[in-house]
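**Q** give me the fold of what follows.
(chains A, B and C)
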Amino acid sequence: MALEPGSPGPQAVEARPSAWGGLTVLLDTPAKRVVAIVAILLVMAVAPQIFGAYITVILTNALLYAILALGLNIVVGYAGLLDLGYAAFFAVGAYSVGILTTEFGWNFWATLPVAVVAAAVAGVVIGGPTLRLRSDYLAIVTLGFGEIVRITARNLQITGAASGISGIDQPWLYGWHIVSQSDFYYVFLALAVVAVLVSVRLANSRLGRAWLYVRHDEDAAEAMGIDRVRVKLAAYVIGAIYGSIGGAFFAVNLTAISPQSFSFQQSTLFLMAVILGGMGKIPGVILGAFVVVLGPEFLRDLGSFRYLVFAVGLLLIMLFRPGGIWPAGGRR
Amino acid sequence: MTLVTLLAQQLVNGLVLGSFYALVALGYTMVFGVVKLLNFAHGDVYMVGAFAGFVVLSLIGGMVGTSWLGVGLSILLSMIAVGFLGVVIERIAYAPMLRAPRLSILITALAVSLVLQNSVLSLTQGQVFAFSPKLGFAGINIGAVFINYKQVALAVVAALLMIGLELFVSRTQYGRAMRAVSVDRDMSELMGIDVNRVIAVTFFAGSALAAAAGTMAGAYYGSIWYFMGFLIGLKAFTAAVIGGIGSIPGAMLGGLVLGLLESFGTTLPGIGSEWKDVFSFTVLILVLVFKPTGLLGKSEQERM
Amino acid sequence: MKLPVTSVLAGLALALTLGTASYAADIKIGVLVPTTGGQATYGQDMANSVQLAMDALNKAGPNTYSMVVGDDACDPQQAVNAATKLASSGISAVVGGYCSGATVPTLKIFGDAKLPFVITAANSTKLIPANPGNAFMINSTGNDQVAAALVVWKAKGYKSIAIVNEGDAYSQDLATLAQKGFTDAGGTVADFETVNHGEQDYSAVITKIKSANPDAVFWTAYDDDGGPFVKQLREGGYQGAVFVGDGSTSDNFFKLAGDAAEGVYAFSSPTADFLPAAKDFATAYQAKFNIAPSSYGPLTYDGMNLLADAITKAGGTDPTKLMAALQAEDYKGIAGEITFKPDHTLARSNFVVVQGKGGKWTLAQ
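**A** Numbering: from 1, shown residues only, chains lettered A, B, ... in the order given. Model prediction:
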């Protein structure tokens, strides 16, 4: 394989960069890192009380994107598979919940396992054809699948066609009716924490290392005994499950879903979050998600110029920090 | 009408549509070949080209009329203007990123796309503009199939542009340089090729083609608006990949194939217009399963 | 004892001004529309119409209106964000709502915040069950429009029609209702097509329609694609009748369709140039914004004025009183009379049939 500019040479694969990137300069002991994490969690925990409804809602949105970006990060960042149709998995989760609760009267919690299984199946179906493809072709196939899912949702009666599904009941959990904006905030916060923990365990696991090797040199990885097919499919399936769970809770949060939420533009927003924050690194991905959601929100005062300003800002960020906004560097 | 007439007419429709896809796909494939970038902003260059043509026609329409001559000049001037815009974009947004990770430059292209779209949105308040040149409705009849002169002109212009491009790439020095850079950029530089120049020329040519397609689309379909680049960008990108990204004949073939797929997909009873995009994408996926580098793509040993 | 006349008079004057001043309020109204994204044209148009209405209202007094625009970008999540922000920016009511899919999740938010919501464009039947009681829809739903259409088609003796929609909540809803209605009435839907918003090439669909040879073609989506569609339909050689729904009844339709717009029928709320009030609106709009108003301008203008009227009748912006006032309204707007059924939809269908003649919509038959 030709040495691409920007890719580390063979010997650099062994020293894995720290997930904290450049902040390892400030947070050089594990104790300091724990303190930082606890501080952030505390602030997040009291945010709804301090900041009011609007901030709560957009933070919830940001947390949702963080979960989805973490899922896409597994596909793109860990396994190196450029997925331009991630919204498909998001849709699978949302519609599973929507259909089962409104058409068949299921309890929300019972629909979650179905959403997970459906996601896994989707992951295999979408991942399957891409296994032999080069990264750019893979991108178009995943984009194609994203569109296929969206158009199918738009055309079929069971998914509510273009009007989508509305009137989705909001779930009960041991006497707690999850209904208000702050209720959902805490649910998504909990989900995000779980998502981060799972991502960290995955990165440090055998599977995580297998992804790393496959990403850098597939043939060498194969020679080392790594089953390329299973490793790639695993990435898709796990990424799909993240997306699906995000979608499931999205559906009950909004109580109404329609095909517009699962467009190619949505997929590009997820990708933007992953790459903007600094590819592959968990704190960076979360930061990217927050920027992608909060950026346009804080620019709302600019009216219809907000996306122009956001786009120019994005362009400037990419030009001056192509590796993403999270400070790069730092080794374990 | 008879089945044969229906199919023949749909063939014509598919080829016309396919010509647009091919022209835009060429820009994608050329830029990809030379810079290895999926230029998400390319569809929006098409849109800017349409607006440029519209503006030109409004300005010169008084002098040369809004018929064939006026439209022809609009296409030409739009191609030149937007060709330069393409080079400017490349210099500002992509040139600094050439050594950056692949995915970063992708997001940069997305950002450029958003900037172009939202700039035009702000300028036009999102309004749809009627582009109405006086080109008449006359045409020729082949059997029961009607082909109007606009379609003939479109096909001819598209063909000329594509042939011109093919000649440029295969016969001229720049063309050879482009092909060299697309195979191995660093090596080409070592051999004395001014890579930056070549990249600039590539962007100029690709953007000019997109601008031609945009102006022609505006004149042919009769309307332009700030979002018109998005869908065609998606389709043209698909077409470029079907044909084998990086291959110029591949882009032309891919464009025509996609146009025909859509046209016949709409006609087939089980599919119809509702499912035609699902149909096109399914065919694309099947093609790539059996031929992972696209129809005319070069089979490569390396898998990434 | 001499009365200090001047001071008494001064006191009276002060009391009067204070008294009347307490009825003249600064009222902020939220406007929820897409100002970015693929539907920005319509959202912008609606916001402009509200502005126009407010200008006139402010001139007349006594209340001063100002608006806070929330961009929903026709996306449900964005709409929720925008609605939440609006709900906490000190507004007394909301006007707007364009994309039904994006509007549905906001109903709960405005309902919880006790904000009356006058929905001036979104008219999917999904809004009705999702309404917590604070929303009022002033755009007739598809049912009324199809009913009007069936009357016309029966009168003209059509046996087969083709229906074309754009796969969005509004046009698809209208198309499926029309399909069901026409088939139930004994007709045949010779062709039912879906095109993508913004995809300019309709040649394949048009060839299919020609081959099916229906008596009429019914376009149920908006003018920005409707204009080019009708143009291509005629250029493609289709000779039958052409109908468009109320999403295509703007003046821009004529610009986009060109000569092909001649003789095209449309179902519209009566806003066209034959109502002096609507003409004034269009002129004022053109003068202020330099572009012609689009499909939902007049309705949104009416929506704002309806709200202002209800505020006056309710004596203020108290939510319960305001909502009661809206429910009881009988308002004559430029788009027709507005009264509400118990489910907060229009009591009377406003639809009339108009026809394009000489670049303008005129009453048909």
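**Q** what separates the lengthiest helix in chain B from the chain centre, distance-wise?
**A** In chain B, assigned by DSSP state H, the helix with the most residues is helix B:3-35. Relative to the chain's own centre, helix B:3-35 is displaced by 9 Å; criterion: C-alpha atoms, centre = their mean, to the nearest Å.
**Q** is whichever helix or strand comes after it positioned near chain C?
**A** Going down the chain from helix B:3-35, the next helix or strand is helix B:42-64, by DSSP states H and E. No: if you take C-beta under 8 Å from any C-beta of the partner chain as the test, helix B:42-64 misses chain C, and the best it gets is 10.1 Å. The way it works is simple: take the backbone N, C-alpha and C, and place the C-beta from them, glycine included.
**Q** report the mean per-residue pLDDT for helix B:42-64.
**A** On average, the pLDDT along helix B:42-64 is 90.
**Q** then stretch C:104-118?
**A** 92.
**Q** and the end-to-end length of it?
**A** The first residue of stretch C:104-118 is 13 Å away from its last residue (C-alpha to C-alpha, to the nearest Å).
**Q** wait, does that stretch contact chain A?
**A** Yes: using C-beta under 8 Å from any C-beta, stretch C:104-118 comes into contact with chain A via C:Val104, C:Pro105, C:Lys108.
**Q** tell me which residues of that stretch come out buried.
**A** C:104-113, C:115-118 (16 or more other C-beta atoms under 10 Å in any protein chain shown).
**Q** list the contacts for the closest residue to chain C within chain A?
**A** In chain A, no residue comes nearer to chain C than A:Ser258, which is 3.6 Å away by C-beta to the nearest C-beta. A:Ser258 makes contact with A:Gly160, A:Ala162, A:Ser163, A:Gly164, A:Ile165, C:Pro76, C:Gly101, C:Ala102, C:Val104, C:Ala169 under the criterion C-beta atoms under 8 Å, 6 or more residues apart in numbering or on different chains.
**Q** residues near the fourth one, how many?
**A** Using other C-beta atoms under 10 Å in any protein chain shown, A:Gly164 is surrounded by 28 other residues.
**Q** just the pLDDT for the residue lying closest to C:Asn305 once chain neighbours are set aside.
**A** In space, and not counting its chain neighbours, C:Asn305 is closest to C:Ala53: 5.4 Å by C-beta to C-beta, 6 or more residues apart in numbering or on different chains. With respect to pLDDT, C:Ala53 has a value of 94.
**Q** quick revisit: the residue of chain A closest to chain C and chain B, how far apart?
**A** Applying C-beta to the nearest C-beta, to the nearest Å, the value for A:Ser258 to chain B is 17 Å.
**Q** output the residues of stretch C:104-118 next to chain A as TSV; include the columns secondary structure.
**A** Converted to TSV, the residues of stretch C:104-118 next to chain A look like this (DSSP: H, G, I helix; E, B strand; the rest coil):
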residue	secondary structure
C:Val104	helix
C:Pro105	helix
C:Lys108	helix
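**Q** out of the buried residues of stretch C:104-118, which are inside strands?
**A** Cross-referencing the buried residues of stretch C:104-118 against strands under DSSP state E gives C:Phe117, C:Val118.
**Q** in stretch B:94-111, what counts as buried?
**A** Quick answer for stretch B:94-111 (16+ other C-beta under 10 Å): B:94-95, B:97-98, B:100-111.
**Q** end to end, how far does it reach?
**A** 11 Å.
**Q** now stretch C:326-341
**A** Start-to-end, stretch C:326-341 (C-alpha to C-alpha) is 11 Å.
**Q** what's that stretch in contact with?
**A** Contacts for stretch C:326-341 (C-beta under 8 Å, 6+ apart): C:116, C:118, C:136, C:138, C:269-271, C:275, C:277-278, C:281, C:298-299, C:301-302, C:305-307, C:309-310, C:313, C:344, C:346-348, C:350.
**Q** restricted to helices, list these.
**A** C:277-278, C:281, C:298-299, C:301-302, C:305-307, C:309-310, C:313.
**Q** flag every residue of chain B that's near chain C.
**A** Counting by C-beta under 8 Å from any C-beta, chain B sits next to chain C at B:1, B:6, B:9-10, B:13-14, B:16-17, B:20, B:118, B:121, B:125-128, B:130, B:132, B:137, B:146, B:148, B:217, B:221-223, B:225-228, B:230-231, B:262-263, B:266-267, B:272-274, B:276-277.
**Q** residues contacting the nearest residue to C:Ser88 once chain neighbours are set aside?
**A** Once flanking residues are discounted, C:Ser88 sits nearest to A:Tyr54: 5.1 Å by C-beta to C-beta, 6+ apart. Contact analysis of A:Tyr54 by C-beta under 8 Å, 6+ apart lists C:Asn81, C:Thr84, C:Lys85, C:Ala87, C:Ser88.
**Q** could the residues you listed go into TSV alongside pLDDT and neighbour count?
**A** Formatted as TSV, the contacts of A:Tyr54 follow (pLDDT from 0 to 100; neighbours: other C-beta atoms under 10 Å in any protein chain shown):
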residue	pLDDT	neighbour count
C:Asn81	91	26
C:Thr84	91	26
C:Lys85	91	20
C:Ala87	91	22
C:Ser88	88	14
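**Q** okay, those residues in JSON lines with distance to B:Ala211 and secondary structure next?
**A** As requested, these are exported to JSON lines (distance: C-beta to C-beta, whole Å; DSSP: H, G, I helix; E, B strand; the rest coil):
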{"residue": "C:Asn81", "distance to B:Ala211": "37", "secondary structure": "helix"}
{"residue": "C:Thr84", "distance to B:Ala211": "42", "secondary structure": "helix"}
{"residue": "C:Lys85", "distance to B:Ala211": "40", "secondary structure": "helix"}
{"residue": "C:Ala87", "distance to B:Ala211": "45", "secondary structure": "helix"}
{"residue": "C:Ser88", "distance to B:Ala211": "46", "secondary structure": "coil"}
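**Q** pretty sure A:Gln260 contacts C:Cys74?
**A** Yes: assessed by C-beta atoms under 8 Å, A:Gln260 is found in contact with C:Cys74 at 6.4 Å.
**Q** residues shared between the contacts of those two?
**A** C:Cys99, C:Gly101, C:Ala102.
**Q** picking that back up, what subset of the contacts of stretch C:326-341 is buried?
**A** So, by 16+ other C-beta under 10 Å, the buried ones in the contacts of stretch C:326-341 are C:116, C:118, C:136, C:138, C:269-271, C:278, C:281, C:298-299, C:301-302, C:305-307, C:309-310, C:344, C:346, C:350.
**Q** which ones are touching B:Leu15?
**A** B:Ala155, B:Leu256, B:Gly259, B:Leu260.
**Q** any regions of the chain where pLDDT drops low?
**A** Picking chain A for this. Chain A contains residues with pLDDT under 70 at A:1-28, A:327-332.
**Q** that's the wrong chain, I wanted chain C
**A** C:1-23, C:270-276, C:350, C:365.
**Q** show me what from it comes close to chain A.
**A** Residues of chain C lying near chain A (C-beta under 8 Å from any C-beta): C:35-36, C:40, C:44, C:69-71, C:74-77, C:80-82, C:84-85, C:87-88, C:99-102, C:104-105, C:108, C:124, C:126, C:129-130, C:167-169, C:171-173, C:176, C:194.
**Q** the bottom helix or strand of chain B by mean pLDDT?
**A** strand B:139-142 (a mean of 79; mean pLDDT, DSSP states H and E).
**Q** quick one on the thing from earlier: what is the nearest of the buried residues of stretch C:104-118 to A:Ala31?
**A** C:Ile109 (43.0 Å; C-beta to C-beta).
**Q** can you name the residues that contact the closest one?
**A** Residues in contact with C:Ile109, defined by C-beta under 8 Å, 6+ apart, are C:Val80, C:Ala83, C:Thr84, C:Ala87.
**Q** appreciated, that's everything.
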